[in-house]
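Asks: Give me a model of this one.
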Amino acid sequence: MNNTTNNTPDHTPHNSTSTPGSGLLAEKVAFVTGAGRGIGAAAARLFAEEGARVLLAARTESQLKAVTEEIRAGGGSAEYVVCDLADPVSVRAAVERSVEVYGRLDVAFNNGATGQVPGPMDQLSEADFDQVYAVNVKGPWLAMSAQVAAMRATAGRGAIVNTSSVGGLKANPQLPAYGASKRALNSLTAAAAETYGPEGIRVNAVAPGTTLTEMLLEWDEKVPGTIEQLNGRTPLGRAAEPREIAEAAAWLLSDRASYVTGAVLPVDGGMLA
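Replies: Sure thing, here's the model as predicted:
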């Protein structure tokens, strides 16, 4: 396999844990899905560093426990809940858990997703297609509905960020169901922004480009040279670290983005330029 994982210089800022009352997300309660690994885990760590109390949600308890303990060891505040985005009861219970633990919900990062076997759309099974939509579209829809209710009942306002993809902003022939699910998520993001904006609830999305997550590395294993090809189409010439995507999400969730809603922000090294 030819990729740049071990040779790419670290472009990611690493901050020490913020002191209470300081930071981009100071005093906020943050809910993060897909928080056991990749972008979600990076976001959970960063949000805690930026002063948030974080509720981590994902399917794999061992991963959640490891990230939660890491955050606590650094002086941050974190709890976790096991959550399956394809299970409506599980999703609603996870969001409600943030209110049970911390008494409120201020911001949410709906990052959890599932991929597909790379290949043309006619080679994807119907069951796999349905699974992609159950997790990547229905999951965020369920989560946003529960998050809006929790924000209304507690903070009275808030911000939500969904993880889309550059693959949802252009043709994606190798991941057609995944790309289509992310385009659908963009539409849900826009609809939610217009619907809940009058209540002071902002809804945006980040659209990562080539990012060194487990999902991308698995794709590169199945189709060797994928990362190299994607980097060749990226003006910055490299893949992102998960934390770089988390940084964009943190800003959108913060009060510094107070007049931004309904946006799908490419964080792609210029791939769509």
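Asks: going forward, measure contacts and count neighbours with C-alpha atoms only.
Replies: Will do.
Asks: for the helix or strand of the chain with the lowest mean pLDDT, packing partners?
Replies: The weakest-scoring helix or strand in the chain, judged by mean pLDDT, DSSP states H and E, is helix 214-222 (a mean of 88). On a contact count with 3 or more C-alpha pairs under 8 Å, 6 or more residues apart in numbering; DSSP states H and E, helix 214-222 meets helix 226-232.
Asks: switch the cut-off to 10 Å
Replies: Contact here means 3 or more C-alpha pairs under 10 Å, 6 or more residues apart in numbering; DSSP states H and E; on that basis helix 214-222 packs against helix 38-49, helix 226-232.
Asks: Now do it and helix 38-49, the angle between them.
Replies: Calculated by axes from the mean of the first three to the mean of the last three C-alpha atoms, to 10 degrees, helix 214-222 forms an angle of 150 degrees with helix 38-49.
Asks: At which residues are the strands of this protein located?
Replies: 29-33, 53-58, 77-82, 107-110, 158-163, 201-208, 264-267 (DSSP state E).
Asks: Could you dump these into JSON lines and include distance to residue 173, mean neighbour count and mean pLDDT?
Replies: What follows is the strands of the chain, written out as JSON lines (distance: least, C-alpha to C-alpha, whole Å; neighbours: other C-alpha atoms under 10 Å; pLDDT from 0 to 100):
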{"stretch": "strand 29-33", "distance to residue 173": "27", "mean neighbour count": "29", "mean pLDDT": "98"}
{"stretch": "strand 53-58", "distance to residue 173": "28", "mean neighbour count": "29", "mean pLDDT": "98"}
{"stretch": "strand 77-82", "distance to residue 173": "33", "mean neighbour count": "22", "mean pLDDT": "98"}
{"stretch": "strand 107-110", "distance to residue 173": "25", "mean neighbour count": "29", "mean pLDDT": "98"}
{"stretch": "strand 158-163", "distance to residue 173": "20", "mean neighbour count": "28", "mean pLDDT": "98"}
{"stretch": "strand 201-208", "distance to residue 173": "17", "mean neighbour count": "26", "mean pLDDT": "98"}
{"stretch": "strand 264-267", "distance to residue 173": "19", "mean neighbour count": "21", "mean pLDDT": "98"}
